[in-house]
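Enquirer: no sequence for this one, just the structure:
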């Protein structure tokens with residue numbers, strides 16, 4: 001089967017499903033069923049796309065309208081894009097499933113399902129686009145859909161959080177568009193591959209440096225890196241758990257993905273100037289995020305600060321600027337999307353059962369809900385880096401790369417942040433599950449249906465840890481394809497130093 005027809009489907013499927021959603025009766029039942037079915041189809045498309053791209057001899061590029069790149073609109077499906085599309089489809093499906101038990105009737109009538117599908121359109125478009133201007137367009141689609149989802153609750157806190165979110169993201173869009181204008185003026189193109197070739201010798205050009213700085217600000221805001229992260233813990237705690245889970249798992253990772261595409265690929269020739277900057281940004285992001293989480297006693301605030309902290313690990317991988325570090329960061333991204341989404345899901349069940357998100361008001365859940373205790377422990381321990389879960393391998397790979405590059409201080413920061421992450425997860429466990437309940441009133445009834453998607457993602461987390469070899473091999477191949485697009489490519493990892501021995505050779509850039 002040809003891969004080209006599959007490339008546009010991750011955008012077309014949720015887009016068409018959203019149009020159909022608008023035509024359905026204004027009743028929750030049909031809209032719930034259609035959302036789960038549509039996201040299930042999208043998940044199947046993601047599986048087929050990754051399978052096809054992994055078997056292709058190289059990245060698959062589709063240019064629409066009969067115009068050749070860089071003039072035509074290009075979709076670029078390499079292994080990195082295909083992996084991100086599949087993980088986003090998995091989160092989209094599980095989020096739709098989880099939302100069946102949380103999203104109220106009023107929100108379904110207000111077209112929650114349509115905006116949910118529109119959000120997936122923007123996310124998949126951002127992962128697949130081969131053009132920076134179209135990346136801007138997909139960012140705006142994401143912003144519109146996510147803002148609509150945030151304000152549907154119409155409470156004062158929700159509107160306040162959504163306002164902070166949209167104002168900062170509009171500022172990000174201004175920086176993004178300004179950087180694109182300068183870059184287009186110098187390169188005459190915004191196609192990622194074309195820019196990499198035309199500007200490879202322009203690393204000292206002041207206009208290119210200005211464009212790079214503006215793009216760094218734009219993507220840094222969207223990724224939630226230090227010191228641009230403050231909008232995130234001020235916004236996510238005021239959304240519903242389903243919305244917070246999908247946002248926390250995917251939206252910031254789109255910003256990180258853009259950083260890798262631009263500063264690891266198209267503008268990789270600026271690495272002499274940006275590598276150390278990314279190392280320090282990554283370390284600072286890890287530290288402020290984990291300290292914020294350790295000092296909070298509110299479930300969604302703790303998890304929101306941990307989004308920031310874990311983003312720091314990914315930026316650290318970009319700052320090391322080696323193919324091995326890119327592979328480790330790609331593996332870490334897959335792990336973190338799944339684990340962070342699942343922690344928000346589990347937190348929603350904890351809050352519903354214990355009737356509060358404040359840790360001091362929770363307790364007694366271990367004896368009453370041992371399955372929930374287990375399903376929370378799996379992603380929590382994975383986030384802390386406990387073997388044999390996916391988080392252990394993700395942290396090990398990145399720390400190994402820092403040691404290879406003799407970045408001893410950054411390795412120490414990564415290890416210390418891992419310990420503090422485990423501490424804050426243990427804090428939630430001891431307060432919500434282990435101690436006696438401080439409430440005299442009985443706990444709310446636990447809905448088994450909301451545990452099902454939590455169990456699915458927990459199983460995926462365990463599966464990635466147990467099947468580490470094949471997943472990491474895909475990440476290595478994705479990193480090789482990423483740096484191959486950059487004429488100033490970083491040094492590839494020697495095969496004899498790889499953690500796993502396979503018969504499949506990774507193509508060298």
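Expert: Nice, thanks for sending it over. The shown structure was predicted, so the numbers you read here are calculated from the model rather than taken from an experiment.
Enquirer: need the residues that contact the least confident helix or strand in the chain by mean pLDDT.
Expert: The weakest-scoring helix or strand in the chain, judged by mean pLDDT, DSSP states H and E, is helix 105-109 (a mean of 79). Contact with helix 105-109 is made by 26, 27, 28, 31, 32, 152, 153, as judged by CB atoms under 8 Å, 6 or more residues apart in numbering. (C-beta placed from N, C-alpha, C; glycine too.)
Enquirer: out of those, list just those in helices.
Expert: The helices, defined by DSSP state H, take in 28, 31, 32 from the contacts of helix 105-109.
Enquirer: can you pull the phi/psi pair for the residue nearest to the last one when sequence neighbours are not counted?
Expert: Sequence neighbours aside, residue 100 is the residue nearest to residue 32 in space, at 5.5 Å (criterion: CB to CB, 6 or more residues apart in numbering). Reported as degrees, to the nearest 10, the phi and psi values for residue 100 are phi -60, psi -30.
Enquirer: so what does the helix or strand containing residue 89 touch, helix or strand wise?
Expert: Using DSSP states H and E, residue 89 sits in helix 79-99. Applying 3 or more CB pairs under 8 Å, 6 or more residues apart in numbering; DSSP states H and E, one finds that helix 79-99 contacts helix 9-23, helix 28-55, helix 112-128, helix 241-246, helix 252-261, helix 323-354, helix 448-466, helix 468-484.
Enquirer: now the least confident helix or strand of the chain: buried residues?
Expert: Across helix 105-109, burial judged by 16 or more other CB atoms under 10 Å covers 107, 108.
Enquirer: chain center to that helix: distance?
Expert: How far helix 105-109 lies from its chain's middle: 27 Å, per CA atoms, centre = their mean, to the nearest Å.
Enquirer: same thing with stretch 236-255?
Expert: 9 Å.
Enquirer: ditto for stretch 422-442
Expert: The chain centroid and the centroid of stretch 422-442 are separated by 28 Å, computed with CA atoms, centre = their mean.
Enquirer: shaky segments in the stretch 1-150 of the chain?
Expert: For the stretch 1-150 of the chain, applying pLDDT under 70 flags the ranges 1, 69.
Enquirer: try 90 this time
Expert: For the stretch 1-150 of the chain, the stretches with pLDDT under 90 are 1-5, 25-29, 57-74, 76, 100-111, 130, 147-150.
Enquirer: now do the stretch 251-400 of the chain
Expert: 264-275, 295, 351-371.
Enquirer: follow-up on the earlier one: state the number of residues packed around the residue nearest to residue 32.
Expert: 19 (other CB atoms under 10 Å).
Enquirer: ok, it - contacts?
Expert: Residues counted as contacts of residue 100 (CB under 8 Å, 6+ apart) are 32, 36, 449.
Enquirer: buried ones only from these, please, as a ChimeraX command.
Expert: ChimeraX command restricting the contacts of residue 100 to the buried ones, with burial defined by 16+ other CB under 10 Å:
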select :32,36
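Enquirer: helices along the stretch 301-450 of the chain, start to end?
Expert: 323-354, 365-368, 370-384, 390-404, 408-429, 448-466 (DSSP state H, counting those that start in this stretch).
Enquirer: quick one: list the elements packing against the fifth one.
Expert: Put plainly, it is helix 408-429. In terms of contacts (3+ CB pairs under 8 Å, 6+ apart), helix 408-429 is packed against helix 271-294, helix 299-320, helix 370-384, helix 390-404.
Enquirer: right, and those helices - which one's nearest residue 170?
Expert: Nearest to residue 170 among the helices and strands packed on helix 408-429 is helix 299-320 (20.4 Å), distances taken as CB to CB.
Enquirer: mind listing what's buried in the closest one?
Expert: 299-320.
Enquirer: got the phi and psi for the residue nearest to residue 129 when sequence neighbours are not counted?
Expert: Excluding the flanking residues, the one nearest residue 129 by CB to CB, 6+ apart is residue 135, at 5.1 Å. Backbone torsions of residue 135, given as degrees, to the nearest 10, read phi -60, psi -40.
Enquirer: for residue 135, grab the count of nearby residues.
Expert: By the criterion of other CB under 10 Å, residue 135 has 25 neighbours.
Enquirer: if I pick it, what's in contact with it?
Expert: Counting by CB under 8 Å, 6+ apart, residue 135 has contacts 126, 129, 258, 261.
Enquirer: wait, the last one sits on residue 192?
Expert: Yes: under the criterion of CB atoms under 8 Å, residue 261 lies in contact with residue 192, with a separation of 6.4 Å.
Enquirer: any idea which element residue 74 lies in?
Expert: Counting by DSSP H and E, residue 74 is part of strand 73-77.
Enquirer: from the contact counts, what lies against that strand?
Expert: Contact here means 3+ CB pairs under 8 Å, 6+ apart; on that basis strand 73-77 packs against helix 4-7, strand 60-64, helix 112-128.
Enquirer: deepest of these, which one?
Expert: Highest mean neighbour count of the helices and strands packed on strand 73-77: helix 112-128, a mean of 26 (counted as mean count of other CB atoms under 10 Å).
Enquirer: and it, what does it pack onto?
Expert: Identification of packing neighbours for helix 112-128 by 3+ CB pairs under 8 Å, 6+ apart yields helix 9-23, helix 28-55, strand 73-77, helix 79-99, helix 132-151, helix 252-261.
Enquirer: and the ones you listed: which comes nearest residue 239?
Expert: Using CB to CB, the helices and strands packed on helix 112-128 put helix 132-151 closest to residue 239, at 5.4 Å.
Enquirer: can you list the buried residues in the closest one?
Expert: Neighbour-count burial for helix 132-151, with 16+ other CB under 10 Å as criterion, is recorded at 132-136, 138-143, 145-151.
Enquirer: that one: what's the following helix or strand?
Expert: Next helix or strand after helix 132-151 toward the C-terminus (DSSP H and E): helix 156-187.
Enquirer: what comes up buried for that following helix?
Expert: Of all the residues in helix 156-187, those buried under the rule 16+ other CB under 10 Å are 158, 161-162, 164-166, 168-169, 172-173, 175-176, 178-180, 182-183, 186-187.
Enquirer: now that helix, how far from the centre of its chain.
Expert: 18 Å.
Enquirer: how far off strand 73-77 does the helix holding residue 89 point, in degrees?
Expert: 90 degrees (axes from the mean of the first three to the mean of the last three CA atoms, to 10 degrees).
Enquirer: can you tell me the distance between the two ends of stretch 360-371?
Expert: Length of stretch 360-371, first residue to last, CA to CA, to the nearest Å: 22 Å.
Enquirer: could you give the number of residues near the closest residue to residue 24 other than its chain neighbours?
Expert: Ranked by CB to CB, 6+ apart and with sequence neighbours excluded, the top spatial neighbour of residue 24 is residue 30, at 4.8 Å. If you count neighbours by other CB under 10 Å, residue 30 ends up with 14.
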